[in-house]
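S.K.: Quick one, what's the 3D model for this:
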Amino acid sequence: MHEMSLMGGVFEVIEQTISQHNVEKVLQVKLKVGELTNAEPDALQMAFEAYSKDTICEGAELIIERVSVQARCRNCHQEFNVKSMFFLCPNCQNTSIEIIQGEELLLESLEVE
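M.R.: The predicted model follows:
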């Protein structure tokens, strides 16, 4: 379950962020999770609960925003949503594409008190 290691990285960022501020409690954590991370929201939720136990994040709400896969054709420069794992430009049928969205795992925001 790679969601545990992903959440470990998220908690490193959370700890770095809250160490720079006077935070008593984290109320909400918002993540942006690209579809290509293959991270399952339920597994991320379980990992979040495990990492937050006995911390100031315990009981915080985890909000996960899924980010679709978008690509840009290196041939015609068309940007498009990738609907399947068949990476083909719908405009010129070229297979030389660049992923521009959908691989990220970002800590979007923290709501704290």
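S.K.: Name the residues of the longest helix along the chain that are buried.
M.R.: The single longest helix within the chain, with elements called by DSSP state H, is helix 3-19. By 16 or more other CB atoms under 10 Å, the buried positions in helix 3-19 come out as 3, 6-7, 10-11, 14, 18. The C-beta positions use only the backbone N, C-alpha and C, and glycine is treated the same way.
S.K.: Among these, which pair sits farthest apart?
M.R.: 3 and 18 (21.7 Å; CB to CB).
S.K.: mean confidence score for the longest helix of the chain?
M.R.: If you average the pLDDT over helix 3-19, you get 95.
S.K.: Following element in sequence after the helix or strand harbouring residue 50, please.
M.R.: For residue 50, the host element (DSSP states H and E) is helix 41-52. Sequence-wise, the next helix or strand downstream of helix 41-52 (DSSP H and E) is strand 61-67.
S.K.: Nice, that's everything, thank you.
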